[in-house]
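Got a sequence here, can you build the structure:
(one chain, ligands or ions: 1)
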Amino acid sequence: MQNAAAAFTAAAALLLKRPFMTATRVSVATAVLLLTLQAGHGAESFAGAPAGASSCTGCHSAQAAAPEMRALGGMPAADIAAKMEAFKGGGAPATIMDRIAKGFGAEEIRAIAAWYAAQKP
Ligand code: HEC
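Numbers count the residues shown, from 1 in each chain. Down below sits the predicted model:
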């Protein structure tokens, strides 16, 4: 739950910095976060994880094939990285990932993608 709370704080700070954020988008993001906080991901270990990796698990599971919203665990690193770059450049439709992806450099994205790809169920 600590990770989820940290992700919530980070996402909230990110959202508050954006003047174009509408009330609807804020409530969609909040709903996603609240659902995730209820689900919790306390069992995951972030020992040796690159900076920023734990912030993703407020919304995504690090466990491969987890039943919740698109688990990042076990997803091919190249797919995660390509998707993050697409979100960053506006090339993929997004409600929130475009803003999150902009917070990471190419090297950070590569490290986070490799770490998630290596997670086992
Ligand atoms: C606040 C919740 C939230 C957080 C935190 C979050 N994501 Fe996401 N992610 C989403 C949502 C929602 C989508 C679906 C696209 C959208 O609407 O933005 C998504 C989609 C994705 C996808 C595409 C999955 C697919 O199969 O198309 C990837 C890859 C991804 N996120 C990676 C990450 C990474 C890496 C992090 C951490 C740096 C992260 N996400 C943090 C909510 C989140």
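
And the next helix or strand past the least confident helix or strand in the chain by mean pLDDT?
Taking all helices and strands of the chain together, the one with the lowest average confidence (mean pLDDT, DSSP states H and E) is helix 23-39, at a mean of 45. Towards the C-terminus, the helix or strand next in line after helix 23-39, according to DSSP states H and E, is helix 77-88.

just the CA coordinates of that next one, formatted as PDB?
What follows is helix 77-88 as a C-alpha-only set of coordinates in PDB (Å, rounded to 0.1, in the frame of the first residue of the first chain):
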ATOM      1  CA  ALA A  77      10.400  -4.700 -22.600                       C
ATOM      2  CA  ALA A  78      10.300  -3.500 -26.200                       C
ATOM      3  CA  ASP A  79       6.500  -3.200 -26.100                       C
ATOM      4  CA  ILE A  80       6.500  -1.300 -22.800                       C
ATOM      5  CA  ALA A  81       9.200   1.100 -24.000                       C
ATOM      6  CA  ALA A  82       7.500   1.600 -27.400                       C
ATOM      7  CA  LYS A  83       4.200   2.300 -25.800                       C
ATOM      8  CA  MET A  84       5.800   4.800 -23.300                       C
ATOM      9  CA  GLU A  85       7.500   6.600 -26.100                       C
ATOM     10  CA  ALA A  86       4.200   6.700 -28.100                       C
ATOM     11  CA  PHE A  87       2.400   8.100 -25.000                       C
ATOM     12  CA  LYS A  88       5.100  10.700 -24.600                       C
END
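
Does that helix pack against any helices or strands, and if so which?
For helix 77-88, the helices and strands in contact under the criterion 3 or more CB pairs under 8 Å, 6 or more residues apart in numbering; DSSP states H and E are helix 97-101, helix 106-117. For glycine as for every other residue, the C-beta is placed from the backbone atoms N, C-alpha and C.
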